[in-house]
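Asker: The following block contains a protein sequence and its predicted model.
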Amino acid sequence: MSTPKDSLETAAYEGSRVERSTREVEDLAKGEYKYGWTTDIETDTFPKGLNEDIIRAISARKQEPEWMLEWRLKAYRNWLRMDEPTWAKVHYEKPDFQDLRYYSAPKARKGPKSLDEVDPKLLETFAKLGIPLDERKLLAGVAVDAVFDSVSVATTHKEILGKRGIIFCPISEALREHPELVQKYIGSVVPTGDNFYAALNSAVFSDGSFVYVPKGVKCPMDLSTYFRINASETGQFERTLIIADEGAEVSYLEGCTAPMRDENQLHAAVVELIAHKDATIRYATVQNWYAGDEQGRGGIFNFVTKRGKCEGANSHISWTQVETGSAITWKYPSCLLMGDNSVGEFYSVALTRNMQQADTGTKMTHLGRNTRSTIISKTISAGRSDNSYRGLVRVMPKAENSRNYTQCDSLLLGDQCGANTFPYIDVRNTSARVEHEASTSKISEDQLFYCQSRGIGPEDAISMVVNGFCKEVFDHLPMEFAVEASRLLSVSLEGSVG
Amino acid sequence: MRGQAVPTTTTEAPVFDLTREHFLRDMRRLAETPAPVWLKKLRMDGETLFAGTAFPHTKMEEWRETNLAPLVETPYYSMTGLPRHTLAGFDTAPCRVDGWINLVFVDGFFDAAVSDASLLPYGAHAGSLAQAMTGPAEKIVQKHLGSCLGKRSAYTALNTAFIQDGPFLYVPQGVELDRPVNFICIATERQENVAAHYRGLFVLDAMARATVAVTCISMGAGGNHFDNVVEEVVIGDGAALTRCEIIDAGATGRRLCTTETRQGRDSRLESFSITLGGAIVRNQLCVMLDGPGAEAHLNGLYLNAEAGLVDNNLHLTHAATNCTSRIAYKGVLDGTSRSVFTGRVLVVPHAQKTDSVQLNNNLILSDTARVETRPQLEIYADDVKCTHGATVGPPPPEIVFYFRSRGVDEKTARGMLTYGFAEDLAGRIPDPALRQKVDGIIYRRFSPGING
């Protein structure tokens, strides 16, 4: 068995061997989701539709406590009274919520037996992204247990974490083992009636992660490594709850650079972060879900509610996101800066191509004194896509001396795409200083010419310039992920640049 | 089409239906008065549009922060058939600009008795829309009236349904007006539930040049009168217009104004919008850069003293190549006042070589004032240079400290800084007489601070 470090090196070696070819990647983009992954789930699937009985059944299946069921039902009743939001700048056919299955445990899964059976082009993409070998197997849907002992790795991590009192487990497990913690915090940042999709998620959420870092503990590792091997099947209604107690520090990485297969069209996740006094939470997302084909058929609807609460003084929440997938993205990771001197940060790269539509940004609500927030958003649009930044900075009357700096830059590749910026600034305090800057431009001809005059091909040149454009954001990702994210950007751009 | 503003219809409160019924009944009264056939048809179109358009409410993205509920709930009567108010000794002198042609409109109706004679050279025409519609300029009015206005809101449709009178300016091809025109619009102390819906039309043919001012003032101290104004501005190829509006709706006045501008090739618009007060004042300025090389400079200043809400809503569309736009809006907010700024710059596909800069700076003087700013970019062309910026903050404490260290007390220092902040914009007005006038207003507003 190879260690993750070994596999990284192997991957880097293999990645360097693979020749990049635009044509192949183009074909791949057209075809990568066709290959042999049918999930054959007959057992343990609920009928289509949503009603209180379904919710009761989900709750019963997960052996949840009574209060959790009540909480879900309350959310469901809220949801019934709500309208689907229409203010975002995305156009899509509204999902029929009665035509969805709200629970299906992935039991029997037929997949390729080994990597030899997996489409070689897909493997090539993995190699380009530099994904460790073992993870490639997992991502390609190879029956993992036979070839790769994920359990032992997971167990090792669990021991390290357990020694420090850190709880990291699926939220359904947390509900059984630490119900008091879950009950105290769930819904405290995103209430059940917060918005249409959050209410739906609260009613039917399938699973997700739960993290609790006790007082004064610094989490010794990024919670990504473990997550990537362990929690790939959380379903379409994911619920994540991360709590950093006084003085704690944790870094969490969600998602994956690899193209993820998934046949659920609608994803409505909720992520809640709670940072107590002096605590720090860093949350990074890399999202590369299926974005639909060139004509905009298919693809995932990603309607996510992410919010962090800086509850205590001097707390710090930082969101970093790299969004390249999904047909429709509707996502605004936010910070409620309640504690004095708390800090909220948002760093985002959103790339859309073909017919993708993204409406993403953040909300910074300043409530405490001396609170600070920084927003750096980089959007890149190509093809016929539409990419919007939408962000709110609100300074409430008691937020003395609060400070915000926002910078939104858009890059247009092609003349059929759209780049939009919709900032909202709402200030109710005289001592607040809020600044917003935005620019939109196309890739600089001079820079491209310079690169090409030094023998760098046009595609590599564009990829270099775009990577430079996004560097400010990548700097906030954990190291290996920054490398992967920058490769992901190059792969995504290949073939989409004229 | 993508990017087009579509009025969203969502469920409304029942009281809105009552108001709508009321307005539709009121339109019947106007329909009985004699008017040219084309005008009746235009009003009819407005009525049809009004009947099918929802009243603005805060669930609509565009009206999120501007709550019109008190306005919508009041069933306003139009001026049709009601006795006209007179100025009754009201002194219009402060509104006049020396050396200009000053034309006075009372509740939207032209008052020739207090206006200057508007004899203009070379077939240019300045005066009342009602007179122009029945006079030799009828063909011009017929051609342009309603040609610019898009489907903006229920109130703009209402205005079209009630078209009767308002400011009118026509400058023929190649003519330059030797004297600027000042349209003074006075809201009298009329009954509370009487609204003035007046309509302005400004037409500049190719290569024409003109400077106009629209001064809006309310006569009475109290009374929440309501003015619902639509202005259409057509700027032909190579023409240039400098337009300045000064709005003082008093402490309790309500005013909704939509100015819709269409610019031809290589034309130039320089717009100044200065809002001095009002309970609800909304200035919507929609500019369509329709010909290559057109240029628009939109400047704004809003000085909210006590309470009140000023909503500046800009829609700037780059619909042709090589167009330039500059937006600079500045606000000073005191008391419990609120400001909403929305600057939407839309660059349509193929409007390449667009150059657009947008800035909104706000100075906030009290803890109870509130600023909402939304500078927005919507871009569908790739060879463009578009930036926007927004700031909100108090007068810089370091500079106040500098003043104090040199023996200037804090109040004066803040007054001087505020005056400097606002004056910067007034200083850009090209006409010296008007610039002096606006500067005087700003100085008086902040002089209590300056004079100690």
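Answerer: Here it is on my side, so go on.

Asker: In which helix or strand does the most centrally placed residue in chain B reside?
Answerer: Closest to where the C-alpha atoms of chain B average out (C-alpha atoms, centre = their mean) is residue B:283, at 4.4 Å. For residue B:283, the host element (DSSP states H and E) is strand B:280-289.

Asker: C-terminal to that strand, which secondary structure element comes first?
Answerer: According to DSSP H and E, the helix or strand after strand B:280-289 is strand B:295-304.

Asker: quick one on the thing from earlier: for the residue nearest to the centre of chain B, list each beta-bridge partner.
Answerer: Note on residue B:283: beta-bridge partners by DSSP bridges are residue B:257, residue B:312.

Asker: I'd assumed residue B:246 was in contact with it.
Answerer: No. Counting by C-beta atoms under 8 Å, residue B:283 sits too far from residue B:246 to count as a contact (11.3 Å). Heads up, the C-betas are built off the backbone N, CA and C, glycines and all.

Asker: Between strand B:295-304 and the strand holding residue B:283, find me the angle.
Answerer: 170 degrees (axes from the mean of the first three to the mean of the last three C-alpha atoms, to 10 degrees).

Asker: Nearest residue to residue 179 in space, please, no chain neighbours.
Answerer: If you meant another chain, say so; for now it's chain A. Nearest residue to residue A:179 in three dimensions, chain neighbours excluded: residue A:65, at 5.4 Å (C-beta to C-beta, 6 or more residues apart in numbering or on different chains).

Asker: wrong one, I was asking about chain B
Answerer: Distances taken as C-beta to C-beta, 6+ apart place residue B:101 nearest to residue B:179, at 5.5 Å, with adjacent residues excluded.

Asker: For whichever residue of the stretch 51-200 of chain B sits closest to chain A, grab the count of nearby residues.
Answerer: For the stretch 51-200 of chain B, the residue closest to chain A is residue B:61, as judged by C-beta to the nearest C-beta, at 5.0 Å. Neighbour count for residue B:61, taken as other C-beta atoms under 10 Å in any protein chain shown: 15.

Asker: that older thread, contact partners for the residue nearest to residue A:179?
Answerer: With contact set as C-beta atoms under 8 Å, 6 or more residues apart in numbering or on different chains, residue A:65 has these partners: A:175, A:179, A:183.

Asker: Relative to residue B:139, how far out is it?
Answerer: Here residue A:65 is placed at a distance of 79 Å from residue B:139 (C-beta to C-beta, to the nearest Å).

Asker: re earlier: any of the contacts of residue A:65 buried? List them.
Answerer: residue A:175 (16 or more other C-beta atoms under 10 Å in any protein chain shown).

Asker: rewinding a little: look up phi and psi at the residue of the stretch 51-200 of chain B closest to chain A.
Answerer: For residue B:61, the backbone dihedrals (degrees, to the nearest 10) come out as phi -50, psi -40.

Asker: Give me the nearest residue to it, chain neighbours excluded.
Answerer: Among residues not flanking residue B:61 along the chain, residue A:87 sits closest, at 5.0 Å (C-beta to C-beta, 6+ apart).

Asker: surely that neighbour meets residue B:63?
Answerer: No. Residue A:87 is not in contact with residue B:63 according to C-beta under 8 Å; the separation is 11.8 Å.

Asker: more crowded one of these two?
Answerer: Just comparing residue A:87 and residue B:63: by other C-beta under 10 Å the higher neighbour count belongs to residue B:63, 19 against 13.

Asker: check contacts around the more buried one.
Answerer: With contact taken as C-beta under 8 Å, 6+ apart, residue B:63 is in contact with B:56, B:57.

Asker: the strands in the stretch 151-300 of chain B, which residues?
Answerer: B:167-171, B:181-187, B:195-204, B:209-218, B:226-235, B:240-248, B:254-263, B:268-277, B:280-289, B:295-304 (DSSP state E, counting those that start in this stretch).

Asker: Format those strands as a markdown table; extra columns: distance to residue B:371.
Answerer: Output for the strands of the stretch 151-300 of chain B, formatted as a markdown table (distance: least, C-beta to C-beta, whole Å):
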| stretch | distance to residue B:371 |
| --- | --- |
| strand B:167-171 | 31 |
| strand B:181-187 | 27 |
| strand B:195-204 | 29 |
| strand B:209-218 | 23 |
| strand B:226-235 | 25 |
| strand B:240-248 | 19 |
| strand B:254-263 | 20 |
| strand B:268-277 | 14 |
| strand B:280-289 | 15 |
| strand B:295-304 | 10 |
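
Asker: can I get those in a markdown table with mean pLDDT?
Answerer: Formatted as a markdown table, those follow (pLDDT from 0 to 100):
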| stretch | mean pLDDT |
| --- | --- |
| strand B:167-171 | 93 |
| strand B:181-187 | 90 |
| strand B:195-204 | 91 |
| strand B:209-218 | 90 |
| strand B:226-235 | 92 |
| strand B:240-248 | 92 |
| strand B:254-263 | 92 |
| strand B:268-277 | 92 |
| strand B:280-289 | 93 |
| strand B:295-304 | 91 |
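
Asker: how close does the nearest residue in space to residue A:442 that is not next to it in sequence sit to residue A:186?
Answerer: Nearest residue to residue A:442 in three dimensions, chain neighbours excluded: residue B:382, at 4.3 Å (C-beta to C-beta, 6+ apart). Applying C-beta to C-beta, the value for residue B:382 to residue A:186 is 45 Å.

Asker: follow-up on the earlier one: hang on, the residue nearest to residue B:179 packs against residue B:182?
Answerer: Yes. Assessed by C-beta under 8 Å, residue B:101 is found in contact with residue B:182 at 6.8 Å.

Asker: Pick out whichever of these two has more residues nearby.
Answerer: residue B:182 (28 against 20).

Asker: Which residue ranges make up the domains of chain B?
Answerer: For chain B, automatic domain parsing gives the domain ranges B:14-394, B:395-452.

Asker: how close does the residue nearest to residue B:61 sit to residue A:191?
Answerer: Noted for residue A:87: a distance of 20 Å to residue A:191, by C-beta to C-beta.

Asker: same thing with residue A:446?
Answerer: Distance, residue A:446 to residue A:191, by C-beta to C-beta: 51 Å.

Asker: Enumerate the residues of the stretch 251-400 of chain B near chain A.
Answerer: Contact residues, the stretch 251-400 of chain B versus chain A (C-beta under 8 Å from any C-beta of the partner chain): B:349-350, B:352, B:362, B:364-394.

Asker: Apart from its chain neighbours, what residue comes closest to residue B:385?
Answerer: That would be residue B:355: by C-beta to C-beta, 6+ apart, it lies 5.0 Å from residue B:385.

Asker: and that neighbour, helix, strand or coil?
Answerer: strand (DSSP: H, G, I helix; E, B strand; the rest coil).

Asker: just checking, it touches residue B:325?
Answerer: Yes. With contact defined as C-beta under 8 Å, residue B:355 counts as touching residue B:325 (7.4 Å).

Asker: And the two? Which one has more around it.
Answerer: The neighbour comparison of residue B:355 against residue B:325 (other C-beta under 10 Å) goes to residue B:325, with 24 against 15.

Asker: which regions of chain A sit below the pLDDT cut-off?
Answerer: Low-confidence segments of chain A, defined by pLDDT under 70: A:1-45, A:103-157, A:224-235, A:255-264, A:480, A:495-498.

Asker: for it, longest helix please?
Answerer: Longest helix of chain A, by residue count under DSSP state H: helix A:458-474.

Asker: Show me how far it is from its chain's centre.
Answerer: 21 Å (C-alpha atoms, centre = their mean, to the nearest Å).

Asker: Which strands or helices does the helix or strand just after that helix pack on?
Answerer: With elements assigned by DSSP H and E, the helix or strand that comes after helix A:458-474 is helix A:479-493. Applying 3 or more C-beta pairs under 8 Å, 6 or more residues apart in numbering or on different chains; DSSP states H and E, one finds that helix A:479-493 contacts helix A:120-129, strand A:280-287, strand A:316-323, strand A:343-352, helix A:458-474.
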